[in-house]
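Peer 1: Any chance you could fold what I've pasted below:
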Amino acid sequence: MPGLLLDNLRGERTEKRPVWLMRQAGRYLPEYRELRAQKGGFLPLVYDSAAAAEITLQPIRRFGFDGAILFSDILIVPHALGQDLQFLAGEGPHLSPRLVDAALSSLAPQPQHFAPVWETVRLTRAALPDNVTMLGFIGSPWTVATYMVAGEGSKDHHLARAMAYRDPAAFAEIIAAISAASITYLLGQIDAGAEAVQLFDSWAGSLSPRQFEEWVIAPTAKIVAEIRRRHPGVPIIGFPKGAGAKLPAYARETGVDALGVDETQDARWVNRELPAGLPVQGNLDPLLLIAGGAPLEDAAREVLAAFADRPHVFNLGHGIDKSTPIAHVERLLEIVRSPA
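Peer 2: Next comes the predicted model:
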């Protein structure tokens, strides 16, 4: 039984909308906070397959979402490529050595980091109801490269953008390594039970049009083509956050099966500009889930109306915030599941 989510990702427009929320497994849930307190740091939790599977299942038990998104992190790929990865309290992720200072060839790959994540997928899929879709994911090459080059997150990703201009050959080598590792990682997730996958390009919006073509569209198209060659029935969701007017080009040129849309995009413009029948996912502002009340309800209904004539997966425009009240999530689900 495929379920609503897979039906829509495969191009079927259903009267009832499937719904899941990016970062739905995480800090806004008391059961997650309790388990995190027991287990310790974030990265050990990701590599503890049983614990990560439990976290992936928590929002399914509480809310009955149509999809379960793997609890992991986009920086598993650079960790497997040989960078040291740490998550420091109050500071976020740190990778070393930074590739702005060190050559990619100096890294010693550690592909064993993929295995516990694949096991998380296996454990989760075995425990899920048949009609709930298991979703795997990667960070897209450009977004992952920004962390690998700078060693941490940044506001404008200037080190990665500057390196791509200054030394395009070296930057292309980084993108190629990320792409190859990402293909291996995604294929392993699918083999373990992922029924659809999402490519998160969280920082796609920081690029010029020419860089967007070179560092977002081209490597994404390569990954999509290889996944489709090996697993033609597995839907691939592309999510180029901040793409703006470049969104239709991404949809046409990458070959993704469905397109994630962020909250800055006008939903009616997106519906008008994208290829007819292309499944869309999104795009409620995550801050509306914190606000609640009439603003949340009105905006949710506007999203539903905007994408009423194409396959649509209801979701946020980015990840759910840790301060989101659970009651607001419950109210959102009532609206999506009873839109009238």
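Peer 1: And residue 224, how close does it get to residue 260?
Peer 2: Residue 224 sits 14 Å away from residue 260, taking CB to CB, to the nearest Å as the criterion. Bear in mind the C-beta positions are built from the backbone N, C-alpha and C, glycine included.
Peer 1: cool, and residue 6?
Peer 2: 16 Å.
Peer 1: ok, the two, which is more surrounded?
Peer 2: Neighbour comparison, residue 6 and residue 260: the larger count goes to residue 260, with 26 against 22 (by other CB atoms under 10 Å).
Peer 1: Please identify which helix or strand holds residue 31.
Peer 2: Assignment of secondary structure by DSSP states H and E places residue 31 within helix 30-39.
Peer 1: Please report how far the one residue sitting closest to the centre of the chain lies from residue 107.
Peer 2: In the chain, the centroid-proximal residue (CA atoms, centre = their mean) is residue 200; its distance is 3.9 Å. The gap separating residue 200 from residue 107 is 22 Å, by CB to CB.
Peer 1: what's the answer for residue 127, then?
Peer 2: According to CB to CB, residue 127 stands 35 Å off from residue 107.
Peer 1: Check residue 171 too.
Peer 2: Here residue 171 is placed at a distance of 15 Å from residue 107 (CB to CB).
Peer 1: and those two? which has more neighbours close in?
Peer 2: For the pair residue 171 and residue 107, the greater number of neighbours falls to residue 171 (24 against 17), based on other CB under 10 Å.
Peer 1: Poorly predicted segments of the stretch 51-200 of the chain, please.
Peer 2: Applying pLDDT under 70 to the stretch 51-200 of the chain flags no residue at all.
Peer 1: Residue 116 reaches residue 50, doesn't it?
Peer 2: No: taking contacts as CB atoms under 8 Å, residue 116 lies outside contact range of residue 50: 9.7 Å.
Peer 1: neighbour-wise, which of those two wins?
Peer 2: The neighbour comparison of residue 116 against residue 50 (other CB under 10 Å) goes to residue 116, with 16 against 11.
Peer 1: OK, contacts around that one?
Peer 2: Counting by CB atoms under 8 Å, 6 or more residues apart in numbering, residue 116 touches 46, 47, 48, 49, 52.
Peer 1: One more: residue 154?
Peer 2: Residue 154 touches residue 146, counting by CB under 8 Å, 6+ apart.
Peer 1: What separation is there between it and residue 100?
Peer 2: 11 Å.
Peer 1: Strands of the stretch 201-340 of the chain, start to end?
Peer 2: 236-240, 258-260, 280-284, 312-316 (DSSP state E, counting those that start in this stretch).
Peer 1: The second one pairs with which strands, parallel or anti?
Peer 2: Right, strand 258-260. Strand pairing for strand 258-260, determined by DSSP bridges: strand 236-240 (parallel), strand 280-284 (parallel).
Peer 1: Columns mean neighbour count and mean pLDDT on top of those strands, output as TSV?
Peer 2: Shown next, in TSV, are those (neighbours: other CB atoms under 10 Å; pLDDT from 0 to 100):
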stretch	mean neighbour count	mean pLDDT
strand 236-240	26	98
strand 280-284	25	97
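Peer 1: And the ones you listed: which comes nearest residue 11?
Peer 2: The closest of the strands paired with strand 258-260 to residue 11 is strand 280-284. By CB to CB, the value is 11.2 Å.
Peer 1: so how far is the closest one off the chain centroid?
Peer 2: Computed by CA atoms, centre = their mean, to the nearest Å, the chain-centroid distance of strand 280-284 equals 13 Å.
Peer 1: That one vs strand 312-316, what angle?
Peer 2: Angle, strand 280-284 to strand 312-316, by axes from the mean of the first three to the mean of the last three CA atoms, to 10 degrees: 30 degrees.
Peer 1: what does strand 280-284 rub up against?
Peer 2: Residues from elsewhere that reach strand 280-284, judged by CB under 8 Å, 6+ apart: 237, 239, 258-263, 265, 267, 270-271, 274, 299-300, 303, 307, 310-317, 332.
Peer 1: show me where the stretch 151-300 of the chain has helices.
Peer 2: 158-166, 168-192, 209-211, 218-230, 247-254, 267-273, 286-291, 293-306 (DSSP state H, counting those that start in this stretch).
Peer 1: Please identify which of the ones you listed is closest to residue 133.
Peer 2: helix 168-192 (12.4 Å).
Peer 1: just to revisit the earlier point, so which of the strands of the stretch 201-340 of the chain is nearest residue 13?
Peer 2: Closest to residue 13 of the strands of the stretch 201-340 of the chain is strand 312-316 (CB to CB; 7.5 Å).
Peer 1: what angle sits between that closest one and helix 293-306?
Peer 2: Here strand 312-316 runs at an angle of 150 degrees relative to helix 293-306 (the same axes, to 10 degrees).
Peer 1: which phi and psi does the residue nearest to residue 3 when sequence neighbours are not counted have?
Peer 2: Leaving aside its sequence neighbours, residue 3 sits nearest to residue 131 (CB to CB, 6 or more residues apart in numbering; 3.8 Å). Main-chain dihedrals, residue 131, degrees, to the nearest 10: phi -90, psi 0.
Peer 1: Could you list which residues are in contact with residue 131?
Peer 2: 1, 2, 3, 4, 66.
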